[in-house]
Structures are given as C-alpha cells and as structure tokens.
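S.K.: just a sequence and a predicted model for now, questions to come.
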Amino acid sequence: MLEPIDLGMQSSSTANTPANGAANLRELAYSQIKQRIITCEFRPGEPINEAHLTSLLGLGRTPIHQALHRLEMEGMVIILPRKGVMVTPLSLNDVLDMIEVRVTNEQLCVKLALERAHETDFLAMHEILDRTPELLRRRDVPGLMSVDLQFHLAISSAARNKVLADLLRNLHEKQARFWFLTVSDASHSERIYQEHMQILSALESRDAEGAITAIHDHIDDFRRAIMRTL
C-alpha cells in the first residue's frame with residue numbers, strides 16, 4: 001500500500017459537527033487523490049473515473065467530485081465536459097518555466113532565512129534530513145519526496161514570509177511528479193541528500209554566498225535530471 005506523503009496539510013481539532021465532517025471528507029479525498037497523482041500511481045494523461053475513486057478510497061461521490069474540482073484549479077487534473085477527468089500530462093516546457101520562477105524565489109527565501117532563522121529552525125532542518133540515510137537504504141521514494149518537501153518548507157518557515165512560503169509550496173507540489181520520476185535514479189537521490197546538507201551547512205554558517213550558490217546548484221541539478229528523464 002502507498003504510504004501517505006506529508007503534503008503539509010493541517011489537521012483540525014474542531015468539534016466533529018456535520019459541517020466539519022463533510023469538510024474532513026473533502027480534505028481526505030483531496031489529499032488521497034493528490035498523493036496518487038504526485039507519486040504517479042495515477043499516470044500523466046491517464047483518465048480517472050469518479051466511480052472508481054469512490055470505490056478505491058471508500059468515500060462518497062460528493063467529496064470526490066469536490067476534490068477533483070479543487071485539483072483542477074491547481075492544474076493537477078483536467079475536467080473534460082461530458083468526457084470525464086484526466087490527469088494533467090507532464091510538459092517539459094511547463095516545468096522549465098516553473099524552475100525559472102522557483103530558482104529566483106528560492107534564492108530570496110535563502111537570503112531571508114539567513115537574516116531571520118533561529119537555532120531552532122536549524123535543529124528542525126537537521127531532524128528532517130536525519131531521516132534520509134535510512135530512506136536511501138530502503139529506496140523509499142515517497143519518503144524521500146516527503147523529506148525534500150519538508151526541508152524546503154522548513155527553509156521557507158525560517159524566512160518568515162508567508163506569501164513566499166505559499167508560492168514555493170505551490171511550485172514544489174506542481175513539480176513533485178517530475179521529482180518522483182527523476183529520483184528513481186539512485187545516484188540522483190544521493191546527490192539530493194548531499195545538496196541538502198550543503199544548503200543547511202551554509203545556512204548555519206550564515207554564509208550568504210555559499211547558501212545562494214548551494215540552492216542554485218540544487219535546483220539546476222533537478223533541471224538537468226528532468227532534461228535527462230523527459
């Protein structure tokens with residue numbers, strides 16, 4: 001069974017009223033479908049059927065329907081009138097455009113983190129990355145994906161700029177399918193870990209030039225991996 005990937009969604013402690021119950025079902029449907037798209041269990045360009053999703057996830061048609069419309073707004077699926085739903089195909093041009101936007105904003109994020117990070121931020125980053133060696137040993141691709149997302153979210157948190165953090169989260173999630181395809185290369189997985197450690201080392205040292213270079217090289221390595229894969 002596919003292990004859940006942490007997409008950074010918050011759980012609610014609100015009382016379990018009918019309205020909250022319906023909202024929870026919508027969130028569950030959304031996160032489960034999104035996870036399967038990101039990990040390419042639902043392949044790019046593949047049609048997906050609402051009835052099949054209802055059976056697969058054990059949820060009603062209403063939360064499934066609402067989740068698909070939300071995913072359409074995020075560019076994960078295409079809803080074709082009178083034809084059904086299709087997972088959005090992968091586009092090399094789209095991901096290269098996203099990389100251009102991401103590299104500029106990741107560098108800004110690192111600059112702000114250098115100015116605003118606390119020691120607790122660095123401890124949190126170490127705790128995230130400490131999981132990587134075991135995940136590499138097990139070739140746990142969903143786990144490695146989760147670590148990558150959480151590490152970059154931790155840098156965004158250290159930058160203390162919510163607008164920037166939301167932008168980068170959106171870009172990471174849109175690129176996640178490409179990441180999942182490239183990380184099947186074991187050597188690339190190892191490089192990602194080393195790149196993460198270089199970024200963290202530069203941040204801890206308050207080395208602005210080193211941190212900006214490290215984040216740029218990390219994203220450029222992802223771009224090269226995409227070019228090799230697609």
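M.R.: Thanks, I have it. All values reported here derive from a predicted model rather than from experimental measurement.
S.K.: same for the longest helix along the chain, what does it pack against?
M.R.: Longest helix in the chain, counting residues (DSSP state H): helix 92-116. On a contact count with 3 or more CB pairs under 8 Å, 6 or more residues apart in numbering; DSSP states H and E, helix 92-116 meets helix 141-159, helix 162-182, helix 186-204, helix 208-229. C-beta here means a position set from N, CA and C on the backbone, and glycine is covered the same way.
S.K.: low pLDDT regions in this protein?
M.R.: Low-confidence segments of the chain (pLDDT under 70): 1-19, 184.
S.K.: which residue ranges make up each domain of it?
M.R.: What automatic domain parsing lists as the domains of the chain is 18-87, 92-229.
S.K.: give the next helix or strand downstream of the longest helix of the chain.
M.R.: Downstream of helix 92-116, the next assigned helix or strand under DSSP states H and E is helix 119-129.
S.K.: starting at the chain centroid, how far to that next one?
M.R.: 19 Å (CA atoms, centre = their mean, to the nearest Å).
S.K.: just stretch 137-145 next, same as before
M.R.: 14 Å.
S.K.: can I get the domains of the chain in JSON lines with mean neighbour count?
M.R.: What follows is the domains of the chain, written out as JSON lines (neighbours: other CB atoms under 10 Å):
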{"stretch": "domain 18-87", "mean neighbour count": "16"}
{"stretch": "domain 92-229", "mean neighbour count": "17"}
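S.K.: show me what contacts the residue lying closest to Gln198 once chain neighbours are set aside?
M.R.: Nearest non-adjacent residue to Gln198, counting by CB to CB, 6 or more residues apart in numbering: Ala214, 4.5 Å away. With contact taken as CB atoms under 8 Å, 6 or more residues apart in numbering, Ala214 is in contact with 195, 198-199, 202.
S.K.: want to try CSV for those, with distance to Asn161 as columns?
M.R.: Shown next, in CSV, are the contacts of Ala214 (distance: CB to CB, whole Å):
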residue, distance to Asn161
Glu195, 23
Gln198, 23
Ile199, 18
Ala202, 19
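S.K.: look up which residues are beta-bridged to the spatially closest residue to Glu46 that is not a sequence neighbour.
M.R.: Of all residues not flanking Glu46 in the chain, Val87 sits nearest, at 4.9 Å (CB to CB, 6+ apart). In this structure, Val87 bridges to Val77 when assessed by DSSP bridges.
S.K.: state the distance from Val87 to Leu53.
M.R.: In this structure, Val87 and Leu53 are 12 Å apart, going by CB to CB, to the nearest Å.
S.K.: same thing with Pro142?
M.R.: Distance, Pro142 to Leu53, by CB to CB: 20 Å.
S.K.: same question for Glu195.
M.R.: Taken as CB to CB, the span from Glu195 to Leu53 is 36 Å.
S.K.: got a list of contacts for the longest helix of the chain?
M.R.: Residues contacting helix 92-116 (CB under 8 Å, 6+ apart): 121, 152, 155-156, 158-161, 164-165, 167-168, 171-172, 174-175, 178, 199, 203, 206, 208, 211-212, 215-216, 219-220, 222-223, 226-227, 230.
S.K.: what residue is smack in the middle of the protein?
M.R.: Glu173 (3.6 Å; CA atoms, centre = their mean).
S.K.: that one: what's it in contact with?
M.R.: Glu173 touches 7, 34, 38, 74, 149, counting by CB under 8 Å, 6+ apart.
S.K.: nothing else from me, thank you.
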